[in-house]
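Trainee: could you work out the structure for the sequence below:
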Amino acid sequence: MPLSAYPRAPKLQLDPRVPFVEAVTKVFEGRASIEDAANVLREAERRHGVYILAVGQCGVFDWMHVPRSGAPTITLQQAFGLLNNAEAFDAHFELNDTREGEWCERVFFPFLDDTWLFVDGGFFSTFCGILTSEPVAITHSYRSWGHTLADWANSRNIPRPSGARDAERLQWEYIDFYMTDYLEPLLEDGTRWLSTVCEVLSFNSKRLEAELSPRR
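Mentor: So this is what the prediction gives:
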């Protein structure tokens with residue numbers, strides 16, 4: 001969905017035209033289930049090849065890892081199978097965070113366009129990691145997640161709320177997304193939004209793990 005500039009307001013009203021925003025809002029208003037919202041998230045994951053895992057599923061890697069030069073092409077399920085095998089993972093992947101900016105512009109920002117995944121770095125870096133169908137494996141620190149969301153929001157002209165403590169600052173910065181106490185006051189229905197999204201991500205990652213785990 002193409003995004004245009006939004007009016008600046010005391011708190012950010014998440015765009016109800018975005019399917020995931022609509023789905024999460026329906027959950028905390030009692031009009032839909034966590035599974036309904038997780039299904040919308042899964043559609044976005046499949047569309048963009050971006051899969052959000054519980055950090056316990058991410059096992060052996062930190063930061064951004066890409067396939068080594070000459071590594072054979074593997075499936076998403078095969079990549080998932082390497083995440084808790086350090087020797088096999090290191091044989092296939094190498095650390096390469098210099099590609100993160102290019103990858104965000106090409107893959108992750110379009111995924112954020114479809115989800116508006118406004119969650120704080122404290123939650124995401126502690127509980128979530130990302131595996132893509134390329135495959136690329138990524139985890140974040142509080143700060144790096146904040147930088148990623150700030151860069152995306154600024155590139156889409158999403159206005160930083162005028163009700164923020166330092167309201168004269170117009171551009172999003174990593175600190176706005178650093179932890180719940182910083183992000184929650186900037187969002188309309190911030191408390192319900194963040195708690196519901198966390199539940200959706202947890203439900204979705206458990207389902208994804210079941211789908212990707214080897215059949216016994």
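Trainee: contact partners for the nearest residue to residue 109 once chain neighbours are set aside?
Mentor: Closest residue in space to residue 109, ignoring its immediate chain neighbours: residue 152 at 5.1 Å, by CB to CB, 6 or more residues apart in numbering. Just so you know, the C-beta spots here come from the backbone N, C-alpha and C atoms, and that holds for glycine as well. Neighbouring residues of residue 152 by CB atoms under 8 Å, 6 or more residues apart in numbering: 104, 108-109, 112.
Trainee: apply 10 Å and report the result again.
Mentor: The contact partners of residue 152, taken as CB atoms under 10 Å, 6 or more residues apart in numbering, are 104-105, 108-113, 116-117, 158, 172.
Trainee: give me the buried positions along the host helix or strand of residue 145.
Mentor: Per DSSP states H and E: residue 145 is located in helix 142-155. Buried residues in helix 142-155, defined by neighbour count with 16 or more other CB atoms under 10 Å: 142, 144-153.
Trainee: reformat these as CSV; add pLDDT and distance to residue 181.
Mentor: Supplementary listing: these in CSV, determined by pLDDT from 0 to 100; distance: CB to CB, whole Å:
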residue, pLDDT, distance to residue 181
142, 90, 12
144, 89, 19
145, 93, 15
146, 95, 13
147, 94, 18
148, 94, 19
149, 96, 16
150, 97, 17
151, 96, 22
152, 97, 21
153, 97, 19
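Trainee: closest to residue 168 among these?
Mentor: Distances from residue 168 to the buried residues of helix 142-155, taken as CB to CB, are shortest for residue 150 (16.6 Å).
Trainee: I figured residue 20 hits residue 114, correct?
Mentor: Yes: between residue 20 and residue 114 there is a contact at 6.7 Å, judged by CB atoms under 10 Å.
Trainee: need the residues touching each of those two.
Mentor: Listed as contacting both residue 20 and residue 114 by CB under 10 Å, 6+ apart are 40-41, 43-44.
Trainee: could you dump the residues you listed to JSON lines with pLDDT and distance to residue 205?
Mentor: Output for the shared contacts of residue 20 and residue 114, formatted as JSON lines (pLDDT from 0 to 100; distance: CB to CB, whole Å):
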{"residue": "40", "pLDDT": "98", "distance to residue 205": "15"}
{"residue": "41", "pLDDT": "98", "distance to residue 205": "10"}
{"residue": "43", "pLDDT": "97", "distance to residue 205": "16"}
{"residue": "44", "pLDDT": "97", "distance to residue 205": "14"}
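Trainee: next, the contact list for the residue most central in space within the chain, please.
Mentor: Geometric centre of the chain, nearest residue: residue 117, 5.7 Å, by CA atoms, centre = their mean. Contacts for residue 117 (CB under 10 Å, 6+ apart) come out as 18, 20-21, 24, 41, 44, 50, 52, 108, 111, 124, 128, 149, 152, 197, 200-201.
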